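# 3D, please:
(one chain, ligands or ions: 1)
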Amino acid sequence: MKEKWDNRLAFILAAIGSAIGLGNFWRFPYIAYRYGGGAFLIPYLVALFTAGIPLLILEFTLGHKTEHGAPLAFGSYRKNWKWLGWFSIAVAFGIVTYYTVIMSWSFIYFFHSFSLSWGSIPELFFNKMVLEITDSPFNLGGINYIILIFLIVTWIAIYYSIYHGVKTVGKVVYVTVILPWLILLVLIIRGITLPGALEGLSYYLTPNFAALKDPTVWINAYAQIFFTLSVGLGIMIAYSSYLPRKADIVNNAFIIGFANCFTSFLAGIAVFSSLGFLAYQTGKPVSDVVASGPGLVFVAYPTIINMLPFANKIFGALFFVMLLTLGIDSAFSLVEAASKAALEQWKKIPRRALNLLISIIAIIVGLIFSSRGGLYWLDIIDHYISTYGLVVVGFLEAIFIGYLINTKSFQDYMNKQSEIMAGKWWLYSIKIVVPVVLLVAIVYNTINELRTPYEGYPKLALNFGFAFILLLLIISILLSRKQRRL
Ligand code: PFF
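Residues are numbered from 1 along each chain as shown. You can find the predicted model right below:
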């Protein structure tokens, strides 16, 4: 018998579990900060409604209708489009190789919480003591073994979480979804009562209409929406393939989209109030109080934890455990999507052996991010994979469903499953808004990056980032060819 979710709630929780993760607590705040706080929030919300939710509905329908993982889901409509499914999985795999390194940092912070060892200058602690960071991406500085050890521990935890398959996934997330909201509440209450917090919040919440003209902000808003909703990664297709026949697709997409983005918004409140506090302490403007990179929240959260009136250590530990549990159900959703795709093609491989193989390859790729220059590579690969991987997948999905198949019957199927109808607005966004906006953003971004290198990194390093995406693409095409012959 085919594996199914126990009930609709189990599916919603698992999908929320995949969506809510480090993307909300780690990536959203630093991307919002990098692209100007209030300047980012409007494009972000527009991206949620014009692309995030419509594509979530699309992926749920695709998975539910075909009952396949991503490659076969596309392939069941058009044989030579399987590669798109593989590409989305390759992109997700690329993400998880560094995502788990951030989980490893969180592990390290969990232990440091018991002595609040980051002290009064968390930024210095993060760079010098945790990362032992080098001065450039070309100076790898050898492997940081502590990071590597916790990377391996992370993968062991992921492997065991999915040992029994999709049913357990549904159960694990009961814990991982509720706890974070409670912890966030405490952080927010302390954060917004810190001196200077208001300045941080006004940086976060005051819209900057002038910045709306900048396509770089837009492409990053769309990329963040895809990342955070786990859209374009083959995950939601795989998860919805396990839905029972009657499933309220449109409603589910709204619930998941809102719950997820609301969580990011709250995380932003905590982080920006702490940035306001840092600005107050140092006398610098909020916009340059910390480096706006992947390390941002490892400065911001410890700053608030330091300032809690009591139980700082316990609370700090609880916070980092929460980050880990949040990360883990996102990470295993990927392994699940990848192994479903592979098992549908190579039926004879034992599932557990495959999961093990995926984990081992991910650790090997993760070595680069575990080096002392790893943060630079993490930043570069994260940038390329989200803007050229995720956004391109989202664009192609819209073209595929909007133009290459019978869109009307696809939409009818979707609406038959739903209480709220996905009417004209859905069709317009899939056929027009998503393709046009994303195409303009991709073209502009490419031209722009040829002129001004991303974050001032050496061109050669950026070429490696780009080559990494190409490699993923080539692997996807090879995988889909191989299958045709089998
Ligand atoms: N939606 C997840 C998050 O925001 O944290 C992103 C994610 C990353 C999902 C990596 C899956 C994955 F393998």
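
# residue numbers of the stretch 151-300 of the chain in contact with the ligand?
For the stretch 151-300 of the chain, the contact set with the ligand under CB under 6 Å from any ligand atom comprises 227-228, 230, 233, 235. For every residue, glycine as well, the C-beta is placed using N, CA and C.

# looking at these, which are in helices?
If you go by DSSP state H, these have 227-228, 235 in helices.

# out of those residues, who's the most crowded?
residue 235 (31 neighbours; other CB atoms under 10 Å).

# got the contact list for that one?
18, 92, 333-334, 336-337 (CB atoms under 8 Å, 6 or more residues apart in numbering).

# closest point of the protein to the ligand, which residue?
Distances between the chain and the ligand by CB to the nearest ligand atom are smallest at residue 23, namely 1.9 Å.

# touching, that residue and residue 226? I think so.
No - the criterion here is CB atoms under 8 Å, and residue 23 misses it with residue 226 at 9.6 Å.

# shaky segments in the stretch 301-450 of the chain?
Applying pLDDT under 70 to the stretch 301-450 of the chain flags no residue at all.

# repeat the analysis, applying 80 as the threshold.
Along the stretch 301-450 of the chain, segments meeting pLDDT under 80 span 419-420.

# hey, where'd the helices end up in the stretch 101-250 of the chain?
122-124, 145-161, 166-192, 197-205, 215-229, 235-240, 249-282 (DSSP state H, counting those that start in this stretch).

# next, residue 347: secondary structure please.
What DSSP: H, G, I helix; E, B strand; the rest coil gives for residue 347 is coil.

# switch the ones in helices among the residues of the stretch 151-300 of the chain next to the ligand over to CSV; also include distance to residue 435.
CSV is the format used below for these (distance: CB to CB, whole Å):
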residue, distance to residue 435
227, 20
228, 21
235, 22
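
# in this structure residue 60 contacts residue 238, no?
No - at 11.0 Å, residue 60 does not count as touching residue 238 under the criterion of CB under 8 Å.

# re earlier: and the residue of the chain closest to the ligand, how many neighbours?
Look at residue 23: counted by other CB under 10 Å, it has 27 neighbours.

# distance of the closest residue to it other than its chain neighbours relative to residue 279?
Closest residue to residue 23 apart from its sequence neighbours, by CB to CB, 6 or more residues apart in numbering: residue 228 at 4.1 Å. Remark: distance between residue 228 and residue 279 (CB to CB, to the nearest Å) = 26 Å.

# residues from the stretch 301-450 of the chain in reach of the ligand?
Contacts of the stretch 301-450 of the chain with the ligand, taken as CB under 6 Å from any ligand atom, map to 330-331, 333-334.

# quick one: contacts for residue 320?
106-107, 109-110, 113.

# contact partners of stretch 359-372?
Contacts to stretch 359-372, defined as CB under 8 Å, 6+ apart, come from residues 93-94, 96-98, 100-101, 104, 131-134, 139-144, 147-148, 151-152, 155, 158-159, 335, 374-375, 377-378, 381.

# contacts only, for the nearest residue to residue 102 once chain neighbours are set aside.
Spatial nearest neighbour of residue 102, chain neighbours left out: residue 22 (5.5 Å); criterion: CB to CB, 6+ apart. For residue 22, the contact set (CB under 8 Å, 6+ apart) comprises 99, 102-103, 323, 326-327, 330.

# can you classify residue 11 by secondary structure?
Here residue 11 is helix, with the state taken from three-state DSSP.

# all further residue positions should be reported with the first residue as 43.
Okay, using 43 as the starting number, the last item reads as residue 53.

# show me the helices in the stretch 293-442 of the chain, by range?
So, for the stretch 293-442 of the chain - with DSSP H, counting those that start in this stretch - the helices run 339-349, 354-387, 393-408, 416-426, 433-441.

# including distance to residue 467, could these go into a markdown table?
What follows is the helices of the stretch 293-442 of the chain, written out as a markdown table (distance: least, CB to CB, whole Å):
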| stretch | distance to residue 467 |
| --- | --- |
| helix 339-349 | 34 |
| helix 354-387 | 28 |
| helix 393-408 | 38 |
| helix 416-426 | 31 |
| helix 433-441 | 14 |
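
# who wins for proximity to residue 250 among those?
Ranking those by proximity to residue 250 (CB to CB) places helix 339-349 first, at 20.7 Å.

# packing partners of that closest one?
helix 70-76, helix 124-155, helix 164-166, helix 208-234, helix 291-324, helix 354-387 (3 or more CB pairs under 8 Å, 6 or more residues apart in numbering; DSSP states H and E).

# mean pLDDT lowest where, among those helices?
Confidence, taken as mean pLDDT, is least for helix 208-234 of the helices and strands packed on helix 339-349 (a mean of 76).

# pretty sure residue 222 is touching residue 62, no?
Yes - shown here, residue 222 and residue 62 form a contact pair, counting by CB under 8 Å, at 7.0 Å.

# these two - which one has more neighbours?
Applying other CB under 10 Å to residue 222 and residue 62 shows that residue 62 carries more neighbours, namely 30 against 22.

# isn't the more buried one up against residue 305?
Yes - between residue 62 and residue 305 there is a contact under CB under 8 Å: 5.4 Å.

# need the residues touching each of the two.
Taking CB under 8 Å, 6+ apart as the contact rule, the neighbours common to residue 62 and residue 305 are residue 222.

# what's near enough to touch residue 310?
Counted by CB under 8 Å, 6+ apart, residue 310 has contacts 70-71, 74, 246.

# just put those in a markdown table and tack on neighbour count.
Output for these, formatted as a markdown table (neighbours: other CB atoms under 10 Å):
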| residue | neighbour count |
| --- | --- |
| 70 | 26 |
| 71 | 26 |
| 74 | 28 |
| 246 | 24 |
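
# thinking again about what came up before, tell me the one of the ones in helices among the residues of the stretch 193-342 of the chain next to the ligand nearest residue 80?
Nearest to residue 80 among these, with distances taken as CB to CB, is residue 270, at 18.8 Å.

# and for residue 120, the neighbour number?
Considering only other CB under 10 Å, residue 120 is surrounded by 12 other residues.

# quick check on it: phi, psi?
Per-residue torsions, residue 120: phi -140, psi 120 (degrees, to the nearest 10).

# would you confirm that it contacts residue 446?
Yes - counting by CB under 8 Å, residue 120 does reach residue 446; the two are 6.3 Å apart.

# quick one: low-confidence ranges for the stretch 143-292 of the chain?
Scanning the stretch 143-292 of the chain for pLDDT under 80 picks out 205-221, 286-289.

# list the contacts of residue 132.
Counting by CB under 8 Å, 6+ apart, residue 132 touches 514-515, 517-518.

# if we use 7 Å, what do you get?
By CB atoms under 7 Å, 6 or more residues apart in numbering, the contact list for residue 132 reads 514, 517-518.

# one more: residue 394?
residue 205.
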